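# sequence and predicted structure, then a few things I'm wondering about:
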Amino acid sequence: MLKKYTVKSLTNILKELFPLNLAEDWDKVGIQIGSPRKVVKNVLVVLDVTKYSIDYAIKNKVDLIVTFHPFLFNDSDFEKHPKQPWKKKIHERLINSGVSIYSMHTSFDKEWKGMPLAMSRKLGLENYSKPIKGLDHGLIFNWNKTLGQLMQHFKETFDLNATLSNIEKKRTKIKKFALLPGSGSCEDIQLAFANNKIDLLVTSDIKWSDWITIDEEGLKVMEVSHVIEKVFIDHIANYLREMTKDIKILSFQPKIIIKHS
């Protein structure tokens, strides 16, 4: 007899390992769109809800999309943001197609078996400590190689076109580095250096004003693309395949391509 799943029973499996109470207060995690009672036969795991992932979901008759980044940060997000009319269009398509959305974001970031484990496996670096002291997330890795070698490792591992750093010489030795996936705030970067013996911090989406502060304070940072968080996709898809049966688990990789020319 085939096992029957609903949006509620399936997301409860995720909540057991990644409790929503781990998420930041500002974060919009959990069921964003759809009914908890809806029967689920096909699941799609994505980094973000986009027109590309929605096309794929509808084509493959997906009932539930599990996302890393929330599609809506406010209940009426698609109405309040005139600069994002695409959200309203996608919202209408989701409602009309009966596709539910469940977002995990910082609940996945904070749990050790979530982003930290996924990142360490992807990087192939087993010698680490977690979380970063002074914070409740992130990892610290032993490296004992040069900055240039670390840059190359990230580019090859995540298929990146470039990395950025305020360290001038690529041959600079890096004994230990901290990794803060996502957009590392200036405050988090300062706390990481204040509470840990690290030579470098790796994060994404640093504002220019924060770069100035970081450099003036003598903190050494490497910026990588936010897309490294795509490790979420295979990590959660594989977990759901292990924990369920008689259900199809699909995955979809980001389609946005940003290249340096």
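Received the coordinates, thanks. Numbering: from 1, shown residues only.
# okay, CA-based contacts and neighbour counts for the rest of this
Will do.
# show me where the stretch 151-261 of the chain has strands.
For the stretch 151-261 of the chain, the strands defined by DSSP state E, counting those that start in this stretch cover 164-165, 173-183, 200-204, 221-223, 248-251.
# remind me which residues of the stretch 151-261 of the chain are low pLDDT?
Along the stretch 151-261 of the chain, the parts satisfying pLDDT under 70 run over 256-261.
# would you map the helices across it?
Using DSSP state H, counting those that start in this stretch, the helices of the stretch 151-261 of the chain run over residues 186-195, 208-216, 231-243.
# out of those, which is closest to Ser103?
helix 231-243 (11.6 Å; CA to CA).
# and the closest one, what does it pack against?
strand 42-46, helix 115-123, strand 248-251 (3 or more CA pairs under 8 Å, 6 or more residues apart in numbering; DSSP states H and E).
# could you work out which of the ones you listed reaches nearest to Ser97?
Using CA to CA, the helices and strands packed on helix 231-243 put strand 42-46 closest to Ser97, at 13.3 Å.
# CA atoms only for the very next helix or strand once past that closest one, dumped as CSV, please.
Where DSSP states H and E defines the elements, the next helix or strand beyond strand 42-46 is helix 51-59. C-alpha atoms of helix 51-59 as CSV (Å, rounded to 0.1, in the frame of the first residue of the first chain):
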residue,chain,number,x,y,z
LYS,A,51,9.9,31.8,-13.1
TYR,A,52,12.3,29.1,-14.1
SER,A,53,11.7,26.9,-11.1
ILE,A,54,7.9,27.5,-11.4
ASP,A,55,8.0,26.4,-15.0
TYR,A,56,9.8,23.2,-14.0
ALA,A,57,7.4,22.6,-11.1
ILE,A,58,4.3,23.0,-13.2
LYS,A,59,5.7,20.9,-16.0
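# strand partners of whichever helix or strand comes after helix 51-59, parallel vs antiparallel please.
Per DSSP H and E, the first helix or strand lying C-terminal to helix 51-59 is strand 64-67. Sheet pairing here is set by DSSP bridges, and for strand 64-67 it gives strand 42-46 (parallel), strand 100-103 (parallel).
# quick one: mean pLDDT for the longest one?
The reference is to strand 42-46. The average of the pLDDT scores along strand 42-46 is 98.
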